[in-house]
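J.: only geometry, no sequence info:
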């Protein structure tokens, strides 16, 4: 007979893996059932696409399309056929042009992988330059806890915003690179840089914080006193600092995978992101299914590899009860200048929002692309609407959606994080899904309604919070006082209330507030690619998308909301900076 402890040990190993298997299977089935869940009859749009909108939509022609697609079969039958083809590497044929989905995805994926590889190389170069600067400052004894302002800006901006700025500066103003296309080597640099800058800014800041903590540990002073060569100290410090950043490195690479969708749309790059987005808008669900599976596979493989590597490096420390606490507490920055700058920025944004309440953001009362004047300080957009009014009104709607999505993500993350024995697989699978992929999935199911962006962001944003919550619980249980509490007769409720919650909540709340600008920017990114707010709303992502075609004649239509996004991100980062 097996003892109770043996059974519990076996279950502790099996349940997380069962959770992973069930979660991954559920996601694959969900993708396979997109046509049935969406409840979309694609026959009309397919008939128009195939006939160039010249054929009459008669009952006979529509029925012929349904018969050709075998839409009369049950959902179970089509799911089984889809799985059978998936196992054989056959993802079906396009509903629009009858081409092979597998061939279309292979061609588009090669383009996307080349773009992402170039972006990763640029990210490595930029991060190496930042690392060399950090190490030089440490050798001089001047490495401080404050961050370079450029890294804060890059962290604050999504890829589509940086892409828009790069086009304005390098293509329109300087004329150095083409603004779109994928024909020559000149087309590579701007989209790759648009993906690399946010990734390198974020990783440089994470590496700065991690190295600073390592360099402040007692063993550094001991080694320096023993005249150990600084290069050897740096080598061990880097190993220790990078080992704690493995999950974040995985998420940064996954972020590049998702960000490529928006970048490919902006620069008209024929990659898999552009392919999936076009399929979503055209209701070409076989292409959407195949593309989503590929992106999900890439993201989950990256995330799983990062988790495995982290367990191999840190597994013993997490189980021994000897892990030293190094997490942040929930508090505002101690720097008075940073607080003053942050509150000044937030007050300025609030003033614009209040001013916009007294202006009309919807009426086309001015001439198209009118220049700024006393009546319209920022000019008019492409259909004659007041840009200042739309920026102010868009700020309100953008922030409201961001606050709601952040709150829902926190609640979900706490519930899931405290039950990771059963939700570990779901957390890992969800954390490995880029928000844009989730947006495309929700759009494919819900038909691209105005709430698609909010639903998609909440579906994926809770996972990093739950993972953080789970890791904090593991850390809390590994602390000496918590590790020994059961031997003192302390009951589980007391441990939960006085040992776990005080340890978990402060850094988790801080993480949530720092995620607010990220979540808000993600919402604007989905609106930018057409998966969120719909016209005539003045949401910032939608505004940038609407005004991007007129960026040369009326740049304020794009720069206005971009400037607002920059200010919001900088204010939040400064407010909770260490």
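T.: Cool, the structure landed. As the structure is a computational prediction, the values presented were derived from the model and not from experiment. Numbers count the residues shown, from 1 in each chain.
J.: CA atoms for contacts and neighbours, from now on please.
T.: Noted.
J.: quick one: which helix or strand includes residue 565?
T.: Per DSSP states H and E, residue 565 falls inside helix 556-575.
J.: return the set of buried residues in that helix.
T.: By 16 or more other CA atoms under 10 Å, the buried positions in helix 556-575 come out as 556-562, 564-575.
J.: can you map out the helices along the stretch 301-450 of the chain?
T.: In the stretch 301-450 of the chain, the helices defined using DSSP state H, counting those that start in this stretch lie at 336-356, 387-417, 420-431, 435-446.
J.: just tell me which of the ones you listed ends up closest to residue 364.
T.: helix 387-417 (10.7 Å; CA to CA).
J.: okay, buried residues for the closest one please.
T.: For helix 387-417, by 16+ other CA under 10 Å, it's 387-399, 401-403, 405-407, 409-410, 412-414, 416-417.
J.: contacts for the host helix or strand of residue 81?
T.: Applying DSSP H and E as the criterion places residue 81 in helix 75-87. For helix 75-87, contacts defined as CA atoms under 8 Å, 6 or more residues apart in numbering pick out 29, 32, 33, 36, 91, 92.
J.: hmm, residue 102 is touching residue 91, no?
T.: Yes. Look at residue 102 against residue 91 with CA atoms under 8 Å: they come within range, at 5.6 Å.
J.: could you tell me which residues touch both of these two?
T.: With CA under 8 Å, 6+ apart, residue 102 and residue 91 have common neighbours residue 290.
J.: neighbour-wise, which of the two wins?
T.: residue 91 (24 against 20; other CA atoms under 10 Å).
J.: look at residue 123 and report its pLDDT.
T.: With respect to pLDDT, residue 123 scores 92.
J.: quick one: what helix or strand has it in it?
T.: helix 101-140.
J.: any idea how far that helix is from the chain center?
T.: Put simply, helix 101-140 sits 17 Å off its chain's centre (CA atoms, centre = their mean, to the nearest Å).
J.: what do you get for stretch 299-310?
T.: The chain centroid and the centroid of stretch 299-310 are separated by 16 Å, computed with CA atoms, centre = their mean.
J.: and what of stretch 163-182?
T.: 24 Å.
J.: could you do stretch 418-426 as well?
T.: 21 Å.
J.: ok, now stretch 283-298?
T.: Stretch 283-298 sits 18 Å away from the centroid of its parent chain (CA atoms, centre = their mean).
J.: report the rounded mean pLDDT for it.
T.: 81.
J.: for it, buried residues please.
T.: Of the residues in stretch 283-298, those buried under the neighbour-count criterion (16+ other CA under 10 Å) are 283-293, 295-297.
J.: what sits up against it?
T.: 28, 31-32, 34-35, 42, 45, 91-96, 101-102, 105, 257, 272-273, 275-277, 279-280, 432-433, 437, 440-441, 444.
J.: how about stretch 122-131?
T.: 192, 193, 196, 197, 199, 200, 201, 203, 204, 207, 208.
J.: now for those: which two are most distant?
T.: Among those, 192 and 208 lie farthest apart (CA to CA), at 23.6 Å.
J.: and those two? Which one has more around it.
T.: The residue with more neighbours, out of residue 192 and residue 208, is residue 192; 25 against 22, by other CA under 10 Å.
J.: if I pick that one, what's in contact with it?
T.: Going by CA under 8 Å, 6+ apart, residue 192 touches 115, 116, 118, 119, 122.
J.: and the pLDDT at the residue nearest to the first one when sequence neighbours are not counted?
T.: The reference is to residue 115. Nearest residue to residue 115, sequence neighbours excluded (CA to CA, 6 or more residues apart in numbering): residue 192, at 6.2 Å. pLDDT for residue 192: 93.
J.: and for residue 367?
T.: On the pLDDT scale, residue 367 is placed at 88.
J.: do you know how far the closest residue to it other than its chain neighbours is from residue 354?
T.: Leaving aside its sequence neighbours, residue 367 sits nearest to residue 384 (CA to CA, 6+ apart; 4.9 Å). Taking CA to CA, to the nearest Å as the criterion, residue 384 is separated from residue 354 by 22 Å.
J.: got it, and residue 521?
T.: From residue 521 across to residue 354, the span is 21 Å (CA to CA).
J.: turn the helices of the stretch 301-450 of the chain into JSON lines, including mean pLDDT and distance to residue 362.
T.: Converted to JSON lines, these look like this (pLDDT from 0 to 100; distance: least, CA to CA, whole Å):
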{"stretch": "helix 336-356", "mean pLDDT": "87", "distance to residue 362": "12"}
{"stretch": "helix 387-417", "mean pLDDT": "88", "distance to residue 362": "8"}
{"stretch": "helix 420-431", "mean pLDDT": "73", "distance to residue 362": "38"}
{"stretch": "helix 435-446", "mean pLDDT": "76", "distance to residue 362": "26"}
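J.: among these, which comes closest to residue 247?
T.: Ranking those by proximity to residue 247 (CA to CA) places helix 420-431 first, at 10.3 Å.
J.: OK, contacts around residue 453?
T.: Residue 453 makes contact with 439, 523, 526, 527, 531, 532, 533 under the criterion CA under 8 Å, 6+ apart.
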